[in-house]
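A.B. asks: Here is my input, please return the structure:
(one chain, ligands or ions: 1)
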Amino acid sequence: MSTTFTIDTSTSRANPTPAPMKRVTVPAIRRRKGGEPIVMLTAYTVRMAQLLDPHCEILLVGDSLGQVIYGLPSSVQVSLEMMCAHGAAVVRGSYHSLVVVDMPFGSYEASPEQAFASASRIHKETGCAGVKLEGGAAMAPTVAFLSERGIPVMGHVGLTPQAVNQLGGYGARGRSEAEAEKIVADAVALERAGAFAIVVEGVIEPIAVAVTEAVACPVIGIGGSARCDGQVLVAEDMLGMFERVPRFVKRYAAISEVISEAAAAYAAEVRARSFPGPEQTYQPK
Ligand code: KIV
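C.D. replies: The predicted structure follows:
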């Protein structure tokens, strides 16, 4: 039986999707407002993308990779080159989810033109469907500039990790009335500028709900509320790769224990000369 592969717009010629035209699209995400919750997880590598892809509508190549993959102190040090390399790997490892790549700090804030140059590079080098940028009303002209030129943009309000030096830490936002009003106004400004979805991170629950109700595009919560239109977590946090995680993370597995136990078993067998055994060695024919 022969299989016909069709190329879809998010899949490279070298990697035809086995499920033609099945990749989730930006309009399909927009239509999920108020409907079935959107499942989004971060992915930075090909293998993780392959494993998560069937379960998600969106894979986010988050700049959290700075801390998770590179051990950097924050996402501020992440470069465009890193985002392009990991974005391309995640696109190669997926064929169902919409892939969104974070624009790193310093690659978009100076002007809409700077943002377009960075976002178009991300698109060309990765094949992703959209980019995410942090910031509220101040970023609305940039969101409009990109959206009007064919680059779908996901916004990110509330706790915006790239502004950690300005915010002074990663504590929950929206505790004062003024801050709460600003977060909602920021989300409304991004949506009016054309954002196809907005992440709301680390806010007190009533603000996450208020943002979700205030905008017509889907709102994806992280440290928000189950009443948002979808949820996102850093995959390594949710898989239990780290001992210390933010309060809003639920550990669905204990991967760090699995890895430690496997490494300990391997080390013991190497030291006992019981690995490699007959199954893992080549013998003369
Ligand atoms: O960088 C990231 O992973 C993110 C998510 C946590 C929303 O922005």
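A.B. asks: Now do the helix or strand bottoming out on mean pLDDT in the chain: distance to the chain's middle.
C.D. replies: Of all helical and strand segments in the chain, the minimum by mean pLDDT, DSSP states H and E falls on helix 164-167, at a mean of 86. When distances are taken as Cα atoms, centre = their mean, to the nearest Å, helix 164-167 is centred 21 Å away from the chain's centroid.
A.B. asks: quick check, it touching the ligand?
C.D. replies: No. Judged by Cβ under 6 Å from any ligand atom, helix 164-167 stays clear of the ligand, getting no closer than 12.0 Å. No exception for glycine: its C-beta is placed from N, CA and C like everyone else's.
A.B. asks: Now do that helix: everything it contacts.
C.D. replies: Ser74, Ser75, Val76, Leu159, Thr160, Tyr170, Arg173 (Cβ atoms under 8 Å, 6 or more residues apart in numbering).
A.B. asks: From Glu201, how far off is the residue lying closest to the first one once chain neighbours are set aside?
C.D. replies: In other words, Ser74. Nearest-residue entry for Ser74: Val164, 5.2 Å, with adjacent residues in sequence omitted and distances by Cβ to Cβ, 6 or more residues apart in numbering. Noted for Val164: a distance of 12 Å to Glu201, by Cβ to Cβ, to the nearest Å.
A.B. asks: ok, the two, which is more surrounded?
C.D. replies: With neighbours defined as other Cβ atoms under 10 Å, Val164 and Glu201 compare such that Glu201 has more, 23 against 16.
A.B. asks: does Gly171 count as helix, strand or coil?
C.D. replies: With DSSP: H, G, I helix; E, B strand; the rest coil as the basis, Gly171 sits in coil.
A.B. asks: Would you list the phi and psi of it?
C.D. replies: Main-chain torsions, Gly171, degrees, to the nearest 10: phi -70, psi 160.
A.B. asks: how about the contacts of helix 164-167, which pair is most distant?
C.D. replies: Greatest spatial distance among the contacts of helix 164-167 (Cβ to Cβ): Val76 and Arg173, at 17.9 Å.
A.B. asks: What about Met154, how many residues nearby?
C.D. replies: 29.
A.B. asks: Quickly list what it is bridged to.
C.D. replies: Beta bridges link Met154 to Lys132, Ala197, judged by DSSP bridges.
A.B. asks: Kindly provide the distance from it to the ligand.
C.D. replies: Between Met154 and the ligand the computed distance is 9 Å (Cβ to the nearest ligand atom, to the nearest Å).
A.B. asks: What residues does the stretch 151-285 of the chain have near the ligand?
C.D. replies: Val199, Glu201, Ile222, Val232, Val234.
A.B. asks: Highest neighbour count among those residues?
C.D. replies: Among these, Val199 has the most neighbours (other Cβ under 10 Å), with 29 neighbours.
A.B. asks: which residues are contacting the one helix or strand that one maps to?
C.D. replies: Per DSSP states H and E: Val199 is located in strand 197-201. Applying Cβ under 8 Å, 6+ apart, the contact partners of strand 197-201 are 29-30, 38, 58, 132, 154-161, 183, 187, 190-191, 207-208, 211-212, 215, 217-224, 228-230, 232.
A.B. asks: unless I'm mixing things up, Ala137 is touching Ala189, no?
C.D. replies: Yes. Between Ala137 and Ala189 there is a contact at 3.9 Å, judged by Cβ atoms under 8 Å.
A.B. asks: Tell me which of these two has more neighbours.
C.D. replies: A direct count of neighbours by other Cβ under 10 Å for Ala137 and Ala189 places Ala189 higher, at 22 against 16.
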